[in-house]
Structure formats: structure tokens, C-alpha cells
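Trainee: Kindly generate the corresponding structure for this input.
(chains A and B)
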2 protein chains.
Amino acid sequence: MELLRQKVINEGIVLEGQVLKVDSFLNHQMDPLLMKEIGRAFTQLFADTGVTTILTIESSGIAPGIMTALEFGVPLIFARKQKSLTLTEDIFVETVYSYTKKQSNDITVSKKFIKPGDRVLIIDDFLANGEAASGLARIVKQAGAEVVGIGIVIEKSFQPGAQLLIDEGYRLESLVRIRSLDNGQVQFVELPL
Amino acid sequence: MELLRQKVINEGIVLEGQVLKVDSFLNHQMDPLLMKEIGRAFTQLFADTGVTTILTIESSGIAPGIMTALEFGVPLIFARKQKSLTLTEDIFVETVYSYTKKQSNDITVSKKFIKPGDRVLIIDDFLANGEAASGLARIVKQAGAEVVGIGIVIEKSFQPGAQLLIDEGYRLESLVRIRSLDNGQVQFVELPL
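Mentor: You can find the predicted model right below:
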């Protein structure tokens, strides 16, 4: 997705620890037109999957997720990272480890919103170690529903998450794929056109 | 906003402690068409304000916020509820108390994204005690920018937040206003047409 690559090139900041900071357009300040284009891109990539539900995780997955949901005309569910006082029973729970925050979180989804027969597209902003996406996929399986695909805005292809998800049999589509952040430089898997 | 009132009437669940659970369409599962209509409604209500920036807070403010930002053609910023490892310097911080979660949180916004001269519209999903909206407004003031309005999806008018914000001089527009949740019943300030 060329618009997104340009944003990464122009505004992405490489920090220590293989962190790519994209807080000017993706996960703190957000460009709504870019989000709309991201939603369109995922809709084209997964057009043939019969998706009935979009599933993401708070917080940075919500904007790409709602735009994808709008394009598909299906609901968005966002998993919560800790139990809420108003959601204490009848939830699916999976534990995922955040390498960024160096802690494990329970991610939860109400059992009301994913049912057997649902065809669920998982959307998230980043894929690094695959913990969040894999945890969301396990929740879909708990529900007896099917994961029809995993759509990622920025994939850090040099970390193990992408291969992990492919090995688990999931259809993975990432809008940009980063090969390396070494020496403070963003290198893409494919070069921009 | 009639569509929203109907959703509250048909799907809202009144819990103990004056909690209105709307997790089927607003803050866990989300209806993207409703979010789009919410964005349009805020755009009409604040059309004359010259807004340059939308500010909300994770997580449930993000979907209404991004749709409002899309309609206005301006960026959305979402405040974070705790410090992230990739955002450690150059942040505005305010402490707000969550009555739902019974704890204080630091809410943070990068100083890069709000500047003197910005005309900021604050968007949030719920208004009860006004802690979050008031904290966001204090961040805008710290930045030397102007709050042009506060747009709320569901106002619990029987709690003190609305009057507090009005007394502080803010222009407040809420899409639905709830007068009472007594006896498990939702009563609106104005009756639906």
C-alpha cells in the first residue's frame, strides 16, 4: 500500500529495540483518510472470504478495524486487555505477552459477540511476535468460529510473528512489510514502486 | 439522534450502580454505520467552530472520534491512559479518576500533536462525572490551544459532569441525554420523536 509506505518513510521514527514509532499517523495521532484507505485495502484483500465479523484489540487496532468493518458492512469487536467491571461473566479469555510493555495481559471478548458459524477477520496495527493476533485467533477458536484471515497494517517481517501465523495455517495479509530496522533505517520487504 | 436512541432502547442494559451497558454497539462490539452517523452528527453540531483537531481518549472514544475526524478532514489524537514505553518524553499529562474502574489514571498526549492556535474538538463515548472530558480539556489548555467544543455520544445527565463542563464555559453537545436509569429503565431528557 503505497500511501502507507510513504507515511512510514516520511514520518516513521526508528527507536532502539527494533521499535518503529508511527505515532503521527497510526497509534496516537491518526490520519482518518489513511485509515479509510487501510479499510478499503483490507476489504479488497479479503473480499472472497465471506467475513461476518471483524475482531481487533484495543487501542490502536480500533481505527483500522472500524474502517474495515464499515467497508464490509459487518460489526467490529475489539478485545479488551483487562477485565472491565461491566464485563465480568460470559467472556472468552486468552493470555498474551506484550514484548513492548514486558507484561502479560488477559485479553477478553464477550461470548455474546462471536458464535459458531461466524467468519472472523482479525485486524491489528502491528505484527511483531504474533502474540496478540495469535491470542485473538485462539478466542475465535474457543467460540467455535472460523478465522478467515489476519490483516496487519505494519508487519515487522524480521520478527517471528508472521511465520508463526502462516505455520498455524492462517491467511496473513500485511499492508507493508518491514525487512529491517537496523542502523535506524526502514527497509521494506518489497521496495516501493 | 434517533438511531442512537433506538439502539439504547433496544440494546442498552441497565446494571447496578447507574451503569448503562451498551457493549453491543458502542464500546465492545461496534456498529460501523452507527459510528459513521455519529461522526456526521458531530460534524453538523460543530460545523461553525473551525475545528483543526479531534481529541479523544482510548479506547471507546476512538471509533466515534475517527469518524468525526474523517467528516471534518482533520487528524484524530487519542490520549493514552498510561505511559507507553515509546512515549516517555515531551508529553502533556493530567490525572483523572475513573469512577467505573475506581482508580486514577494518568492520561497523556504527545506535545508534538497539539500546538497553540489549534482548535480542538473533544469527543468521548460517555459523560458521567466529567473526569475524562475535563482532563482532556486541561491538556488542550496546557498546549495553549482552544477547546471549541465537547461532543458526547451518551450523556448521563443525572450525574454531575454535564453541568461541570458547562460551568467551566465549554460548549457541550450530547447525542443522547439520559435523565434516569432508576428501576432498570432508561429515561431520556427529551423523549424520542
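
Trainee: ok now do the closest residue in space to A:S180 that isn't next to it in sequence, which residues does it touch?
Mentor: Spatial nearest neighbour of A:S180, excluding adjacent residues (CB to CB, 6 or more residues apart in numbering or on different chains): A:Q187 at 4.3 Å. For glycine as for every other residue, the C-beta is placed from the backbone atoms N, C-alpha and C. A:Q187 is in contact with A:178-181, counting by CB atoms under 8 Å, 6 or more residues apart in numbering or on different chains.

Trainee: Swap in 7 Å and give it another go.
Mentor: Contacts were defined as CB atoms under 7 Å, 6 or more residues apart in numbering or on different chains; by that measure A:Q187 touches A:178-180.

Trainee: likewise A:I54?
Mentor: By CB under 7 Å, 6+ apart, the contact list for A:I54 reads A:65, A:68-69, A:72, A:74, A:76, A:121, A:123.

Trainee: partner residues bridging it?
Mentor: Counting by DSSP bridges, A:I54 is bridged to A:L76, A:L121.

Trainee: So the residue nearest in space to the middle of chain A: helix, strand or coil?
Mentor: Chain A has A:D124 as the residue nearest its centroid, 1.1 Å off, counting by CA atoms, centre = their mean. Here A:D124 is recorded as strand under DSSP: H, G, I helix; E, B strand; the rest coil.

Trainee: On the pLDDT front, check the closest residue to it other than its chain neighbours for me.
Mentor: Excluding the flanking residues, the one nearest A:D124 by CB to CB, 6+ apart is A:G61, at 4.7 Å. Note on A:G61: pLDDT of 97.

Trainee: For A:G61, grab the count of nearby residues.
Mentor: Applying other CB atoms under 10 Å in any protein chain shown, we find 30 residues neighbouring A:G61.

Trainee: pLDDT of the longest strand along chain A, averaged?
Mentor: Ranked by residue count, the top strand of chain A under DSSP state E comes out as strand A:146-156. Strand A:146-156 carries an average pLDDT of 98.

Trainee: Show me which residues of chain A are close to chain B?
Mentor: Residues of chain A lying near chain B by CB under 7 Å from any CB of the partner chain: A:15, A:19, A:21, A:23, A:28-32, A:35-36, A:58-59, A:62-63, A:66, A:69-70, A:75-78, A:85-87, A:100-101, A:110, A:113.

Trainee: ok, 6 Å please
Mentor: Within reach of chain B by CB under 6 Å from any CB of the partner chain, chain A has these residues: A:19, A:21, A:28-30, A:32, A:35, A:58-59, A:62-63, A:66, A:69-70, A:75-77, A:85-86, A:100, A:110, A:113.

Trainee: tell me the SS of A:V74?
Mentor: Quick answer, by three-state DSSP: A:V74 is coil.

Trainee: contacting residues for it?
Mentor: The contact partners of A:V74, by CB atoms under 6 Å, 6 or more residues apart in numbering or on different chains, come to A:52-53.

Trainee: The closest residue to A:S24 other than its chain neighbours: neighbour count?
Mentor: Sequence neighbours aside, A:E11 is the residue nearest to A:S24 in space, at 4.6 Å (criterion: CB to CB, 6+ apart). Residues lying near A:E11 (other CB under 10 Å) number 15.

Trainee: just A:E168 next, same as before
Mentor: Using other CB under 10 Å, the number of residues around A:E168 comes to 15.

Trainee: Dihedrals phi and psi, it?
Mentor: With angles defined as degrees, to the nearest 10, A:E168 sits at phi -80, psi 0.

Trainee: Please report how far it lies from A:R138.
Mentor: Separation of A:E168 from A:R138 (CB to CB, to the nearest Å) stands at 10 Å.

Trainee: how much space is there between the residue nearest to A:S180 and A:R179?
Mentor: Per CB to CB, A:Q187 is found 5 Å from A:R179.

Trainee: And for A:V148?
Mentor: A:V148 is 27 Å from A:R179, where distance means CB to CB.

Trainee: Check A:E2 too.
Mentor: Using CB to CB, A:E2 is found at 17 Å from A:R179.

Trainee: For the longest helix anywhere in chain A, which residues meet the burial criterion?
Mentor: If you go by DSSP state H, chain A has its longest helix at helix A:32-45. Under the neighbour-count criterion of 16 or more other CB atoms under 10 Å in any protein chain shown, helix A:32-45 has A:32, A:34-39, A:41-43, A:45 buried.

Trainee: for it, what is the average pLDDT?
Mentor: The pLDDT scores in helix A:32-45 average 98.

Trainee: could you pull out the helices for chain A?
Mentor: A:2-11, A:32-45, A:62-72, A:131-142, A:161-167.

Trainee: hmm, back to that, out of the contacts of A:I54, which two sit at the greatest distance?
Mentor: The largest separation in the contacts of A:I54, counting by CB to CB, is between A:V74 and A:I123 at 11.6 Å.

Trainee: Can you pull the residues that touch both of those two?
Mentor: Listed contacts common to A:V74 and A:I123 are nil; contacts here mean CB under 6 Å, 6+ apart.

Trainee: Return the backbone torsion pair for A:Y170.
Mentor: Note on A:Y170: its backbone torsions stand at phi -80, psi 150 [degrees, to the nearest 10].

Trainee: Now do the contacts for it.
Mentor: So A:Y170 contacts A:147, A:150 (CB under 6 Å, 6+ apart).

Trainee: Isn't A:I154 up against A:V176?
Mentor: Yes - A:I154 lies in contact with A:V176 (CB atoms under 6 Å); the separation is 5.5 Å.

Trainee: so where is chain A shaky, pLDDT-wise?
Mentor: For chain A, the stretches flagged by pLDDT under 70 are A:83-88, A:191-193.

Trainee: do that again at 90, thanks
Mentor: Low-confidence segments of chain A, defined by pLDDT under 90, span residues A:17-18, A:82-89, A:98-105, A:190-193.
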